[in-house]
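Q: Fold the following for me, if possible:
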Amino acid sequence: MLELIIASAEIPLLSDIVVIFGLATLVILLFMRLKIPTIIGFLFTGALAGPYGLSLVNASTAVEMLSEVGVILLLFVIGMEFSLKSLLSIKKAVFIGGSLQVGLTIGATALLTYSFGFDWNVAVFFGFLFALSSTAIVLKLLQESGQVNTIPGRTTLAILIFQDVVIVPLMLFTPMLAGESDNVALSLLYLAIKGALVVLLTIVSAKYIIPQLLFRVTKTRNEELFLLSIILTCFAVAYLTSLLGLSLGLGAFLAGLIISESDYSHHATGKILPFREIFLSFFFVSVGMLFDITFLWEHIFIILGLTLLTFAVKFLLVAFSVKAIGQGFKEAFMVAFSIFQVGEFSLLLAKEGLKYDLLDPETYQYFLAISILTMTVTPFVLKKRENLACGILDLPLPERLANRLVNNDLPNIEIETDELKDHLVIIGFGLNGRNLAKAAKSANIPYAIIETNPETVKQESLKGEPIMYGDAANEAVLEHVNIHKARVAVIAISHPESTKRIIASIRHITQNPYIIVRTRYVGEMEANLKLGASEVIPEEFETSIEIFTRVLDKYLIPKHDIEEFTLDIRSDNYEMFRSLSPEGQSKFKIDLPQINFVSLKVEKDSGDVINKSLKDAKIREKFGVNIVAIKRGDKTTAEITGEEKLKLGDIVYVVGKPANLEKFEEEIEID
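A: Next comes the predicted model:
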């Protein structure tokens, strides 16, 4: 009888999981053919399977619980890919940018809602709801595009972290807005004390406890134990923060920060990612299940109008908040295009509003429709956020306003334009730009740099670099660095659309400079060449050239032949890589002798060959290997005499056949 009861309790959830995953598979396959993001597929799956769709899912509460696990794992992974040092480096964005964004959004939304005829307490509560953005959706998209560690990505993360923290006091204020008599001031004091304790625990755990624990776990070489310890850390810290009245998501993020300070964060991330993807899919499905398509259709124009108003208000306030912390307009617009939506924690807060009668059922449905619509368009907008930000900056605005957009309170850096001729223009001062500037300086080549990151411009100008802030697609900026007199212009940025605009702008002014462009993919070469680029260097092929060069070197192909092959590939614009079939004629003749070159460490202080002259040890006769160099301390000796002795701690560079090398290794190293 007990077995029947257990089975009947399990079957609904299992059947719901089968329905959700089966339907999601079909929907996402269709959406991928239409090039629609998978997140939209999960939202659509939830809408179809939910109570307002085909009513295929019964255990909606269980689905919501699974979805919360997904959010926890998402924030845990984000924390692991971050670090305490990185978090401290954006404290200004977290506390100033985050508080400005939340405070201004609450105030503006409350005023708008009050003007629509709602009571002031309900209006303030709406401010709470619209102040929050979707951590789960935005961070997932930033991760997939590799944008988390860019300046706009880090600023976006900072504001989202503040929102996740502020949800707690907002939850405490909600009963007060409904007329409850809780002592909110005392609760906030307790919350501050609890928060300080959690931060202290995070720092102590990150520095002393978790690294030691993971070291002992990894020594066992048991992957199951390692995974268990990682998951335990995640949920233990999340559970602890929930006991203290903080959010589970915040605890998961702190747990990730703790792991990130160890040497095992990357391995842990790889272990957790599959679980995160599975459980996070439940989150998006559960959000979609709240969507009443009938209500949307009946009130479509009102909902679309309110959605556009939400987008406009949040966009402007986020951009203002980011600009207020000293970032440029481009970065401010990119962040605003990332977090304009209503978030998942707003849905949680809205349920509290229903509970305390701050929302009626109809208003709740309006809010849900606006929330899900903004979440739905987020992947499309965020994917194009840099193009959209550049588009705003390129609008034909009045001169005074356009100048304000370009003015970023940067130092007035004067580049001696009169002296700039036959020079190099470097566009973008990332790793490639920095290395190019170093090389130009060493070769006494005059150069000027154009960069859009205001912090980089400030820092490098103080170091004496000839750098200026500006968008190189702007012809006025290009003319300021005498682009018409430049011999070479190198575009070392990673954004394809911006690169194309810059090439077009340069060629509109002058045909003089030789334009070298860095791109990520070979597919971008043709378009850049047509626009006027002189040479396009795709990273994917340059990486492959570096790899095959090292491989061929290890197969003892002559250096001259390797260099000739590399030159052929580059001179044909990589056509050889694109057209060469696996059955193509071999260019190299490999005559590989069965010898290796290795370095071995002397780990014994006594033995048949230790502390004896090489002449007496007869290493070549006994082991069939040749010692070509010995490193002792910081000094490497390549001129080996018969009187040389091997000592404990020496690094020995040896040539020989694999079997002989292994035999010699056994003689000098400890098993």
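
Q: Could you look up the SS state of the nearest residue to Met525 once chain neighbours are set aside?
A: The spatial neighbour of Met525 that comes closest, neighbours along the chain excluded (C-beta to C-beta, 6 or more residues apart in numbering), is Val536 at 4.4 Å. Quick note: C-beta positions are derived from backbone N, CA and C, even for glycine. Here Val536 is strand, with the state taken from DSSP: H, G, I helix; E, B strand; the rest coil.

Q: Run a quick check on Val536 versus Leu529, I expect a contact.
A: Yes. In this structure, Val536 is within contact of Leu529 by C-beta atoms under 8 Å, at 5.9 Å.

Q: Between those two, point out the one with more neighbours.
A: Using other C-beta atoms under 10 Å as the criterion, Val536 and Leu529 rank with Val536 on top: 22 against 16.

Q: partners of that one in the sheet?
A: With DSSP bridges applied, Val536 shows beta-bridge pairing to Val517.

Q: Offset the numbering so it begins at 58, please.
A: Will do, 58 is the new start, and the previous item becomes Val593.

Q: mind listing the helices for the stretch 358-507 of the chain?
A: Using DSSP state H, counting those that start in this stretch, the helices of the stretch 358-507 of the chain run over 386-393, 401-412, 418-440, 442-450, 456-463, 488-499.

Q: Could you say which of those is packed most deeply?
A: Most buried of those, by mean neighbour count (mean count of other C-beta atoms under 10 Å): helix 386-393, with a mean of 26.

Q: Which secondary structure elements does that helix sit against?
A: helix 208-234, helix 357-381, helix 442-450 (3 or more C-beta pairs under 8 Å, 6 or more residues apart in numbering; DSSP states H and E).

Q: Kindly report the domain assignment for the protein.
A: The domain map for the chain lists 118-449, 468-576, 653-725, with the assignment taken from automatic domain parsing.

Q: Make a markdown table from these and add distance to Ile604 and mean pLDDT to it.
A: Below are the domains of the chain laid out as a markdown table (distance: least, C-beta to C-beta, whole Å; pLDDT from 0 to 100):
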| stretch | distance to Ile604 | mean pLDDT |
| --- | --- | --- |
| domain 118-449 | 21 | 82 |
| domain 468-576 | 18 | 82 |
| domain 653-725 | 19 | 85 |
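
Q: and of those, who's closest to Leu624?
A: For the domains of the chain, distance to Leu624 was read as C-beta to C-beta. The smallest value, 16.8 Å, belongs to domain 468-576.

Q: Distance check, the residue nearest to Val666 when sequence neighbours are not counted against Ala561.
A: Distance criterion C-beta to C-beta, 6+ apart; nearest residue to Val666, sequence neighbours excluded, is Ala674 at 4.2 Å. Ala674 sits 70 Å away from Ala561, going by C-beta to C-beta, to the nearest Å.

Q: out of these two, which sits in the more crowded spot?
A: Neighbour count, other C-beta under 10 Å: between Ala674 and Ala561, Ala674 has more, with 22 against 12.

Q: now for the helices of the stretch 358-507 of the chain, which one comes closest to Ala293?
A: Set against Ala293 and scored by C-beta to C-beta, the helices of the stretch 358-507 of the chain come closest in helix 401-412, at 22.0 Å.

Q: now the closest one, how far from the centre of its chain.
A: 29 Å (C-alpha atoms, centre = their mean, to the nearest Å).

Q: And the contacts of it?
A: Identification of contacts with helix 401-412 by C-beta atoms under 8 Å, 6 or more residues apart in numbering yields 128, 182, 185-187, 189, 191-194, 220-221, 224, 227-228, 231, 304, 306, 340, 344, 347, 416, 418, 421, 424-425, 428.

Q: Can I get the buried part of those residues as one ChimeraX selection?
A: A single ChimeraX command selects the buried members of the contacts of helix 401-412 (16 or more other C-beta atoms under 10 Å):
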select :128,182,185,186,187,189,191,192,193,194,220,221,224,227,228,231,304,306,340,344,347,416,421,424,425,428
